[in-house]
Structure formats: C-alpha cells, structure tokens
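Chemist: Quick one: sequence and predicted model below, then my questions.
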Amino acid sequence: MLDNFKIMWHQGKQFIPDVTTAKVPGIFRGRPVISNASVDVVRLVDLCPTRAIASGAGAGIGTGVSIDLGKCTFCGECAVQFPEKIKFTDDYKLSTNERERLIIREGAENPIIVNPATVRKEIHRMFGGSLKLRQVSAGGDNSCELELNAANNVQFDMSRFGIDFVASPRHADGIIITGPITKNMAGALEICYNAIPDPKIIILAGTDAISGGIFADSPELNREFIDKHHIDLYIPGNPVHPLTFINGILSLLSKNI
C-alpha cells in the first residue's frame, strides 16, 4: 500500500479525472479560427490538398473563407503559410450530429456542438446509460483505430461512462466507421450494420470516414453506405483524438459529467 502511495505522489493520477476540461499538448491542432485579414485567397484555397478550404460563394453562407473539418486533414499548412488568416486552437470538442456544423467560417469563433433538437429521441432513451459500439475499419490506415483503442486505456478510461467496444455486431447498439470505405469493405460494412439490432446509431470517426479525405476522388471507394443511412455523429480529426471521441459521444448521449 505504501508503495502505491509513493507512485501516486511521484507520478500523479494515472487517469484524466475530467475529460471535458482536460488540456492537450501545444502541438495539438483543434478547431481553427479564421480571421478577417486580407490574404491571397486563391493561393490559400489551392494550398489545401483535400479542398477543405473554400472562398466566396464556395464557402457557403455569405462570403469569406471557410474550412470544412469533414475534409480537413489538420496538416496545418494553411496556418503556416497564412498565420495572419488561420490559427488552430486547442479546442478538441469538434463533434456534431449535423454535417453543416463542421464548416468553420471566417470571423466566427463559435464552438462546434451537437444540436440536441435534432438528436433522435431513441438515442437518449435507449443508450443514455450504456452504449456498446462495433468498430469497423473500412479501409482505414490504422491511425484512427489506434486512437479509438487509446480512448479505453487507463488514461482516458471511456468505460467509466458506460461506453465500450464489442466484438460482435449482435452485441452492439451502433457502428463506428473509420476509413474512407473501399469497394472491398462496402459489402462487409453493410452486413455488419444489418446485423446490429434496432434501434442503432452510426458514427463516422475521422476525415477519411466523413468525406473520403485524401482518397475522396478514388475510383476504389464505394461510399453508398453514407448516402443510404442517417449519420448520427460526425467526429472529425486525422486521426481522431481520444478526447474528441469521448466528448462527442457524451454530447450525443447528453451525459452530464
């Protein structure tokens, strides 16, 4: 017992007591902020390899520059080349249930949130106390998969909130997809989803899953699953940070910590 106290004294807690207020290292790139500074917008837009940056009419509502976090790889090159225009914050709460909310617009500093008004009622009713997820790597590069595994380690301890991964879709409440969904995985993904009992949820984790990422235009992808089914939660990142993942799930379930 005395040895355990010595370890705690020297190393501190082995877990994060509050995952909603935890700090991340300075190298982490979270929600970007776009200023009103004047820059070479054409060069800025052309800089992005996944066309996540848009301007003018392409930016959606109003004018100015926007960044679509569903396409963004968080490489940070836009902030390096145009530091007066774009800055990445350490805000890791990036998840939402509405795809449009992943678009960050010029001059706006509002956080990204889950809209409780559009969350399906059965999610709160059925999964508020426990959520079991079947994770499917649909052509992923294993980076998001590693981070999702980390979400359940001793540091982040996702299981304390009743959130766990399960091996069989028959034991799951929903499916979490990583990877851009290749042709080879499209059929298996649909089979897995159909094996999950109703009601069930769908979560997209990572840039590749949300938009296809750098593989978006590849003929080897088959993303019909995304068009066919309702997506309950989008969790951006490349890869997804465990704190982003956990806070996204908690927001969807409306859990107060």
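Modeler: Good, I have the coordinates. Just so it is clear, the structure is predicted and the values come from calculations on it, not from any experiment.
Chemist: who are the neighbours in contact with Gln74?
Modeler: Not quite, residue 74 is Phe, not Gln. Arg29, Phe88, Thr207, Gly237, Asn238 (Cβ atoms under 8 Å, 6 or more residues apart in numbering). Using the backbone N, CA and C atoms, a C-beta is placed for each residue, glycine as well.
Chemist: and it, helix, strand or coil?
Modeler: Under the three-state scheme (DSSP: H, G, I helix; E, B strand; the rest coil), Phe74 adopts coil.
Chemist: just to revisit the earlier point, so which of the contacts of Phe74 is the most crowded?
Modeler: When neighbours are counted by other Cβ atoms under 10 Å, Thr207 leads the contacts of Phe74 with 29 neighbours.
Chemist: list the buried ones in stretch 185-198?
Modeler: Neighbour counts over stretch 185-198 (16 or more other Cβ atoms under 10 Å) mark Met185, Ala186, Leu189, Cys192, Tyr193, Ile196 as buried.
Chemist: Could you tell me how many residues sit around the closest residue to Ala22 other than its chain neighbours?
Modeler: Once flanking residues are discounted, Ala22 sits nearest to Ile16: 4.8 Å by Cβ to Cβ, 6 or more residues apart in numbering. Applying other Cβ under 10 Å, we find 17 residues neighbouring Ile16.
Chemist: which residues sit in contact with Ile16?
Modeler: The neighbours of Ile16, taking Cβ under 8 Å, 6+ apart as the test, are Ala22, Gln155, Phe156, Asp157.
Chemist: try 10 Å
Modeler: Ala22, Lys23, Val154, Gln155, Phe156, Asp157, Pro242, Leu243, Ile246 (Cβ atoms under 10 Å, 6 or more residues apart in numbering).
Chemist: which SS class is it?
Modeler: Assignment for Ile16 (three-state DSSP): coil.
Chemist: how far away is it from Arg160?
Modeler: 10 Å (Cβ to Cβ, to the nearest Å).
Chemist: list residues touching both of these two?
Modeler: Ile246.
Chemist: can you redo the contacts of Ile16 as a markdown table with secondary structure and distance to Glu84?
Modeler: Compiled in a markdown table, these are given as follows (DSSP: H, G, I helix; E, B strand; the rest coil; distance: Cβ to Cβ, whole Å):
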| residue | secondary structure | distance to Glu84 |
| --- | --- | --- |
| Ala22 | coil | 30 |
| Lys23 | coil | 26 |
| Val154 | coil | 42 |
| Gln155 | coil | 36 |
| Phe156 | coil | 35 |
| Asp157 | coil | 40 |
| Pro242 | helix | 32 |
| Leu243 | helix | 29 |
| Ile246 | helix | 34 |
